[in-house]
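>>> I would like the atomic coordinates for the input below:
(4 chains)
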Number of protein chains: 2
Amino acid sequence: MPTIKDVAREAGVSIATVSYVLNNKRHFVSEETRRVVLEAIARVGYTPNITARNLKSARTRLIGYAWHQVPEGQVNSTLDYFIYSLARAVEGAGYHLLTFTHHNNNPVPVYDELIRTQRVDAFVLSGTLIDDARVPFLMQSGFPFIAFGRSNPDWAFPYVDIDGQAGVRQATDYLLQLGHERIGIISWRPESTTGRYRLAGYQQAMESMDMPMPPTLIYSGTDTEESGREAVQYWQGLPADERPTAIIALSDIVAIGAMNEAARHGLVVGRDLSVIGFDDSPLAQYMKPALTTLRQPIPEVCQTLVMTLETLLSKNLPETPPQILIPPQLIIRESCHPIPPSQR
Amino acid sequence: MPTIKDVAREAGVSIATVSYVLNNKRHFVSEETRRVVLEAIARVGYTPNITARNLKSARTRLIGYAWHQVPEGQVNSTLDYFIYSLARAVEGAGYHLLTFTHHNNNPVPVYDELIRTQRVDAFVLSGTLIDDARVPFLMQSGFPFIAFGRSNPDWAFPYVDIDGQAGVRQATDYLLQLGHERIGIISWRPESTTGRYRLAGYQQAMESMDMPMPPTLIYSGTDTEESGREAVQYWQGLPADERPTAIIALSDIVAIGAMNEAARHGLVVGRDLSVIGFDDSPLAQYMKPALTTLRQPIPEVCQTLVMTLETLLSKNLPETPPQILIPPQLIIRESCHPIPPSQR
DNA sequence: CTGTTAGCGCTTTCAC
DNA sequence: GTGAAAGCGCTAACAG
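Have a look, this model is predicted:
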């Protein structure tokens, strides 16, 4: 590989001059010299060595991103799509993604190592949990980072997140407009903040229409297909006039479980029962009927993430950490139908 | 961040000595000095700057990996799992993954750029196609790389691949043992080498049992859910005694399409029709009935990939490029049943 | 055994 | 405008 020296020799100038034209400094280089250097660069086929540049500038142009540990045999298409979009977004800003893995029970050492060796310029976190050990660690390290997702509400760190509350509120409103009155929701364990926000959106919408919300409408589940099945099973065990006519699931996989179980009970989803998912995972459109769901605008999230990170990496960092919410988008497909007035 | 100089000053030795204990050279350092240096390192909290090391050693300890472009709304869980496993595997060898994206129609410039800037030490390719432009480019560049997947048979480049032929042969044998005689296969376009190898496994198994293979048994499709549906639709249009009693799909997504369509025709999969997929994607186990499929041993593939890459990066590179095939594993679930002798 | 020193390839004062 | 030279943090001859 040719170095800057080769170019300088070829052009008959000093390496400093080559560097000047490379970084096209205001520190004028005469048009003539500039041309000569450019030609020499082309002739020897020179591209600056990025490691040398990094050493000099004390940066790496690398953003660290930890792989979520894939639970055996599970799928998390939102995060898969997220990391792809993130890669694109950081490239747009002149960075690359350095991906690494860690064990979920003890992620901090890996981050620490990457900081200490100065491997990356910043981190993007995803899958942030409540009491996520990474957040306080990174906050007190002073190392630049931003999260996709919230954590403890009282922690002042930069994040971009999907506004699950607004999303589920919109979904609930939609069902309400279709004439549904008993709308069930399959929530997550109360430890899940994401789940709590989304549930709050449901409650908000129901309350604003003065809809009764008996506890039987809220099924506390998890983010699994089974959980969706169990919820429907539970509701089917109720007297007919207490069963929800529409169901909101906090993820598509749960919604799919609910649809599967509903079919097993002889219910036609979209006619006897309306179902709304969350994520707009690739599976959603393959379902029969195709699943109405809340799409997470992942590319937009990543754009925002990277833009914000750039300000964090610049000299003039904001006084208070940016915390940005982006609303999901209701994608209406075939799994929800209006309730015939007769059934109300 | 403390540097080697800080440690040297703290320990009262030269930076060379610090470097020696860091790289614990045979070039002996006395036990005493060693201890002093180690203590100083601990006291100042020093970790070598990796960029400086990289510049000196002219390596980056980074492996480049291009994100497969995710077709809008599709899922490719095998590759998702692959990249996660790959990240783990390269970390085991002291590397990190640098992920980048490119447009499928013109990937070469991005690779070229990464080579020229000396951003990475090697590449791992996935999703290699026939006539894949990246392969000849990398071959003639002399830059280290290895592919997960084959390309043109006459190209002598290093790869690790799943032995689709052996896998489908095993699946076919299994169906044959269950008593099936008309076994249909949903193949891919002939341009797909992967598809060709898998189809060959089918033909091999059928031939070895002298089973007739009328062209109606081989449906030429693509790697989509729709393709699975279309295949079943096609076969249902045939006279009953020409319809396959078992179907092999070259991917789980196709198998799922076939199952869905079969259900639409009132067929009970696992009783009226046996189905085998390929990949063991996370969806496979959620299907009703759970899908019998060929699991790609991805972690093993990645181990092999990295081990091979290491020999490629070492001085003593092998004469002929390593080309390794790893057989998939038949995971028997519920989607295949024996044919009652009466039906034969 | 340990220290001096010369780079790795580049950017950037600081002279001229 | 251009070049000499210092230096980013580290490794590794080469002396001693």
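>>> where exactly do the strands run in the stretch 201-344 of chain A?
A:218-220, A:246-249, A:274-279, A:292-295, A:323-326, A:329-331 (DSSP state E, counting those that start in this stretch).
>>> tell me the average confidence for the fourth one?
Averaging pLDDT along strand A:292-295 yields 98.
>>> re the thing from before, can you put the strands of the stretch 201-344 of chain A in a markdown table and add distance to DNA strand C?
(C-beta placed from N, C-alpha, C; glycine too.) As requested, the strands of the stretch 201-344 of chain A are arranged in a markdown table below (distance: least, C-beta to the nearest atom of the strand, whole Å):
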| stretch | distance to DNA strand C |
| --- | --- |
| strand A:218-220 | 57 |
| strand A:246-249 | 52 |
| strand A:274-279 | 43 |
| strand A:292-295 | 42 |
| strand A:323-326 | 32 |
| strand A:329-331 | 43 |
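>>> and those strands as a markdown table, adding distance to B:Pro340?
Below are these laid out as a markdown table (distance: least, C-beta to C-beta, whole Å):
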| stretch | distance to B:Pro340 |
| --- | --- |
| strand A:218-220 | 42 |
| strand A:246-249 | 40 |
| strand A:274-279 | 38 |
| strand A:292-295 | 42 |
| strand A:323-326 | 57 |
| strand A:329-331 | 45 |
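>>> out of the ones you listed, which gets nearest to B:Gly45?
Smallest distance to B:Gly45 across the strands of the stretch 201-344 of chain A (C-beta to C-beta): 31.3 Å, for strand A:323-326.
>>> helices or strands up against the closest one?
With contacts taken as 3 or more C-beta pairs under 8 Å, 6 or more residues apart in numbering or on different chains; DSSP states H and E, strand A:323-326 sits against strand A:159-162, helix A:298-313.
>>> what angle separates the lowest-mean-pLDDT helix or strand in chain A from strand A:274-279?
Least confident element among the helices and strands of chain A, by mean pLDDT, DSSP states H and E: helix A:77-92 (a mean of 90). If you take axes from the mean of the first three to the mean of the last three C-alpha atoms, to 10 degrees, helix A:77-92 sits at 40 degrees to strand A:274-279.
>>> in helix A:77-92, what counts as buried?
By 16 or more other C-beta atoms under 10 Å in any protein chain shown, the buried positions in helix A:77-92 come out as A:77-91.
>>> low-confidence stretches in the stretch 201-344 of chain A?
A:341-344 (pLDDT under 70).
>>> how about the residues of it by DNA strand D?
Within the stretch 201-344 of chain A, no position is near DNA strand D by C-beta under 7 Å from any atom of the strand.
>>> and the least confident helix or strand of chain A, how far out from the chain's middle?
Relative to its chain's centre, helix A:77-92 lies at 8 Å (C-alpha atoms, centre = their mean, to the nearest Å).
>>> hey, C-alpha coordinates of it in CSV?
Extracted C-alpha coordinates of helix A:77-92, given in CSV (Å, rounded to 0.1, in the frame of the first residue of the first chain):
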residue,chain,number,x,y,z
SER,A,77,-37.1,-8.9,13.9
THR,A,78,-37.4,-5.3,15.2
LEU,A,79,-33.9,-5.3,16.6
ASP,A,80,-32.6,-7.1,13.5
TYR,A,81,-34.0,-4.4,11.4
PHE,A,82,-32.8,-1.8,13.9
ILE,A,83,-29.2,-2.8,13.6
TYR,A,84,-29.2,-2.8,9.9
SER,A,85,-30.8,0.7,9.8
LEU,A,86,-28.3,1.8,12.4
ALA,A,87,-25.4,0.6,10.3
ARG,A,88,-26.7,2.7,7.4
ALA,A,89,-27.2,5.7,9.6
VAL,A,90,-23.8,5.7,11.1
GLU,A,91,-22.2,5.3,7.7
GLY,A,92,-24.0,8.3,6.6
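>>> can you report how many residues neighbour A:Lys25?
Other residues lying near A:Lys25 total 10 when counted by other C-beta atoms under 10 Å in any protein chain shown.
>>> the one 4 residues further on now?
Residue neighbour count, defined by other C-beta under 10 Å, stands at 20 for A:Val29.
>>> ok but it is inside a helix, no?
No - A:Val29 sits outside any helix when classified using DSSP: H, G, I helix; E, B strand; the rest coil, being coil.
>>> so what's it up against?
Contacts here follow C-beta atoms under 8 Å, 6 or more residues apart in numbering or on different chains; on that basis A:Val29 touches A:Thr17, A:Tyr20, A:Val21, A:Val37.
>>> phi, psi of it?
Dihedral angles of A:Val29 (phi, psi; degrees, to the nearest 10) stand at phi -110, psi 140.
>>> how much space separates it from A:Ile186?
66 Å (C-beta to C-beta, to the nearest Å).
>>> repeat for A:Gly94
Separation of A:Gly94 from A:Ile186 (C-beta to C-beta): 43 Å.
>>> more neighbours, the two?
Taking other C-beta under 10 Å, A:Gly94 and A:Ile186 do not tie; A:Ile186 has more neighbours (29 against 8).
>>> state the mean pLDDT of the helix or strand harbouring that one.
Counting by DSSP states H and E, the element that carries A:Ile186 is strand A:183-187. For strand A:183-187, mean pLDDT rounds to 98.
>>> that one vs strand A:274-279, what angle?
Using the same axes, to 10 degrees: strand A:183-187 against strand A:274-279 is 30 degrees.
>>> how about stretch A:10-24 against chain B, any contact?
No - using C-beta under 8 Å from any C-beta of the partner chain, stretch A:10-24 stays clear of chain B, coming no nearer than 12.4 Å.
>>> now the terminal residues of that stretch, how far apart.
19 Å (C-alpha to C-alpha, to the nearest Å).
>>> so that stretch, near DNA strand D or not?
Yes - using C-beta under 7 Å from any atom of the strand, stretch A:10-24 reaches DNA strand D at A:Gly12, A:Val13, A:Ser14, A:Ile15, A:Ala16, A:Thr17, A:Tyr20.
>>> quick check: buried residues in that stretch?
Those would be A:Glu10, A:Ala11, A:Val13, A:Thr17, A:Val18, A:Ser19, A:Tyr20, A:Val21, A:Leu22, for stretch A:10-24 by 16+ other C-beta under 10 Å.
>>> can I assume the first one sits in a helix?
Yep, that's A:Glu10 we're talking about. Yes - A:Glu10: assigned to a helix according to three-state DSSP.
>>> how near is it to chain B?
According to C-beta to the nearest C-beta, to the nearest Å, A:Glu10 stands 17 Å off from chain B.
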